[in-house]
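Student: sequence unknown, structure follows:
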């Protein structure tokens, strides 16, 4: 198991050298839509819908920013992604006050949607 799998990122798993299928994935027409964020816990989660245009299937997943950060770090290390310019990951927010939490979460949600769709277009 990869570090991404151990952290619950199996939905966004990395291709291996033997199973690299980027041209096949690209033909599926994958896109993401961030549906909402939840700040009920001490951290924020994002509910994301991944759509496959090829067979009109959709999956809803829930992820934290830290999981995107881990994914981005793993992609930067993965030799299959060398030479591929990754989209810009939104920066980490050190601490959020209650007053700025919702505005920051909504803004980050939009930035993460751009990031994830950028990744999907590069596959």
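Tutor: It's in. Quantities reported herein were computed from a predicted structural model and do not represent experimental measurements.
Student: give me the number of residues near residue 92?
Tutor: Residue 92 is flanked by 9 other residues according to other Cβ atoms under 10 Å. Heads up, the C-betas are built off the backbone N, CA and C, glycines and all.
Student: May I ask which helix or strand encompasses it?
Tutor: Remark: residue 92 resides in no helix or strand, with elements defined by DSSP states H and E.
Student: Please tell me how far it sits from residue 47.
Tutor: According to Cβ to Cβ, to the nearest Å, residue 92 and residue 47 sit 21 Å apart.
Student: ok, now residue 109?
Tutor: With the distance defined as Cβ to Cβ, residue 109 ends up 10 Å from residue 47.
Student: For this structure, which segments count as helices?
Tutor: 3-6, 22-28, 65-77, 98-122 (DSSP state H).
Student: Can you lay out these as CSV showing distance to residue 56 and mean pLDDT?
Tutor: Converted to CSV, those look like this (distance: least, Cβ to Cβ, whole Å; pLDDT from 0 to 100):
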stretch, distance to residue 56, mean pLDDT
helix 3-6, 27, 45
helix 22-28, 11, 53
helix 65-77, 26, 93
helix 98-122, 16, 86
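Student: any chance of those helices in TSV, plus distance to residue 55 and mean neighbour count?
Tutor: Conversion of those to TSV gives the following (distance: least, Cβ to Cβ, whole Å; neighbours: other Cβ atoms under 10 Å):
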stretch	distance to residue 55	mean neighbour count
helix 3-6	24	14
helix 22-28	8	12
helix 65-77	24	16
helix 98-122	16	15
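Student: Out of these, which is closest to residue 84?
Tutor: Closest to residue 84 of those, according to Cβ to Cβ: helix 98-122, at 5.8 Å.
Student: can you list contacts of the closest one?
Tutor: Contacts to helix 98-122, defined as Cβ atoms under 8 Å, 6 or more residues apart in numbering, come from residues 12, 22, 26, 30-34, 36-37, 39, 44, 46, 48, 65, 68, 72, 75, 84-90, 93, 96.
Student: What subset of those is buried?
Tutor: Neighbour counting with 16 or more other Cβ atoms under 10 Å marks 12, 30-32, 34, 37, 44, 46, 48, 65, 68, 72, 75, 89-90, 96 as buried within the contacts of helix 98-122.
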